[in-house]
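[1] just the structure for this:
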Amino acid sequence: MKNYILYILTIFLLNSCALQKKFDSMQNDYLVSVLENRTLSARLDSLRSKCASDQEILNAKLSKMKSDSASMASSMASMKRQVQEQTDKFTASQQEYLKKLKDAGELNQRSNAELLQMQLDLEKQRMALQQKEADLKKLTDALQAREAKISELQQLLTDQKSKSEALRDAIKKALVDFSAGELSVYTKDGKVYVSMSDKLLFKSGSTSVESKGIDALGKLSEVIKKNPDIQVDIEGHTDNIPYGSNGGMIKDNWDLSLMRSSSVLHILSEKYKVSPKQVKGSGRGEFYPVESNATAEGRGKNRRTEIILTPQIDKLLNLLGE
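    Purely as a prediction, here's the structure:
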């Protein structure tokens, strides 16, 4: 009996060691994942800032191009007047020359010298007129090219705005069965935001998406898959109440928001087959509140997952680069 008990204790100790090693390995993997996601979150902030900066540069350049075009149009109008004046002067001089040439037989040597000078003046005027006409053509061509580029840029901006609005309307229609307290859809800075409350997606302190939230993500995924050229950023947010860690995998609100974002990302990409190349996840913790955390209502609005859909503006930036 004693040997049997020793055998049981030995088996128990070996299993405990194996479980501890497995737990340590899983914990190390998790910490590496947290560090990687925080790095990705910082990169996402940088890319978002660059995108906003590019949009401002785009609008500023477009405004300057419009201003330059107006100036060129004014210069072209002035040049047209100068060409017309030069043409009128040349015509008048030519008529006067022809009249004097007709009467040349009756004029003295002095008049013949005047005719010769008039010929020289006419030739100068003709050359000046040709130069003015060439300059006018060059300016006209440049203005037409600029106007064409402005028109294309304006059309791209209009198309982007229309696409964002159409995308917003399609998402609202797809999610019409969900209440305003569960989610909201709006546009901001050319992007479409789908803000889902924790009441729809998660139980308190949990990172597992509830069935109703999974259904909402499924309806949203159908719209995303019809728009393969948009970028989808998934951001987890919390209130400022510290997370009650019990020594498990989740240490604080930042971890909680990150894992919730990851849960939504996996449902979209694995369950609903949204392209992994379209989606990115990040945890924002308590650091980007939309309301004050001083009230229960404000904290409730801060506990959310935001799915941000961004139409690409590469074509606009490439056109400006040209």
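
[2] can you give me the neighbour number for I150?
    Using other CB atoms under 10 Å, the number of residues around I150 comes to 15. For glycine as for every other residue, the C-beta is placed from the backbone atoms N, C-alpha and C.

[3] which elements pack onto the helix or strand hosting it?
    Using DSSP states H and E, I150 maps to helix 109-174. Applying 3 or more CB pairs under 8 Å, 6 or more residues apart in numbering; DSSP states H and E, we find helix 109-174 packed against helix 2-102, strand 183-188, strand 191-197, helix 211-225, strand 304-311, helix 314-321.

[4] model confidence over it, on average?
    For helix 109-174, mean pLDDT is 79.

[5] now it: how far from the chain's centre is it?
    Distance of helix 109-174 from its chain centroid, counting by CA atoms, centre = their mean, to the nearest Å, is 31 Å.

[6] what's the angle between that helix and strand 304-311?
    Going by axes from the mean of the first three to the mean of the last three CA atoms, to 10 degrees, helix 109-174 is angled at 150 degrees with respect to strand 304-311.

[7] quick check: angle from helix 109-174 to strand 191-197?
    Using the same axes, to 10 degrees: helix 109-174 against strand 191-197 is 20 degrees.

[8] just to revisit the earlier point, which of the helices and strands packed on helix 109-174 has the lowest mean pLDDT?
    Among the helices and strands packed on helix 109-174, helix 314-321 scores lowest, at a mean of 55.

[9] show me what contacts the residue lying closest to D229 once chain neighbours are set aside?
    Spatial nearest neighbour of D229, chain neighbours left out: Q312 (5.6 Å); criterion: CB to CB, 6 or more residues apart in numbering. Taking CB atoms under 8 Å, 6 or more residues apart in numbering, we find Q312 in contact with D229, I230, Q231.

[10] and what of V192?
    S164, L167, R168, I171, V185, Y186, I308, L309, T310.

[11] would you list the buried entries among those residues?
    The neighbour-count test (16 or more other CB atoms under 10 Å) applied to the contacts of V192 identifies S164, L167, R168, I171, V185, I308, L309, T310 as buried.

[12] per-domain residue ranges of this structure.
    Domain segmentation of the chain under automatic domain parsing yields 66-164, 168-321.

[13] among the ones you listed, which is the most enclosed?
    Mean neighbour count (mean count of other CB atoms under 10 Å) peaks for domain 168-321 among the domains of the chain, with a mean of 17.

[14] re the thing from before, adding pLDDT and distance to V192, write the contacts of Q312 out as JSON lines.
    Putting the contacts of Q312 into JSON lines (pLDDT from 0 to 100; distance: CB to CB, whole Å) gives the following:
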{"residue": "D229", "pLDDT": "88", "distance to V192": "13"}
{"residue": "I230", "pLDDT": "91", "distance to V192": "8"}
{"residue": "Q231", "pLDDT": "93", "distance to V192": "11"}
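
[15] K219: which of those is nearest?
    Relative to K219, the closest of these is I230; by CB to CB it sits at 16.3 Å.

[16] check contacts around the residue nearest to that closest one when sequence neighbours are not counted.
    Leaving out its chain neighbours, the residue that sits closest to I230 by CB to CB, 6+ apart is L309, at 5.0 Å. By CB under 8 Å, 6+ apart, the contact list for L309 reads L167, I171, K191, V192, Y193, V194, I224, N227, I230, Q231, V232.

[17] let's see it at 6 Å
    By CB atoms under 6 Å, 6 or more residues apart in numbering, the contact set of L309 is V192, I230, V232.

[18] these into CSV, with extra columns for distance to K277?
    Below are the contacts of L309 laid out as CSV (distance: CB to CB, whole Å):
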residue, distance to K277
V192, 19
I230, 11
V232, 10
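
[19] my guess is K163 meets T310, correct?
    No: taking contacts as CB atoms under 6 Å, K163 lies outside contact range of T310: 10.9 Å.

[20] got the contact list for the helix or strand L258 falls within?
    Counting by DSSP H and E, the element that carries L258 is helix 253-266. Defining contact as CB under 6 Å, 6+ apart, one finds that helix 253-266 is touched by 37, 207, 209, 234, 236-238, 243, 250, 279, 281-286, 305.
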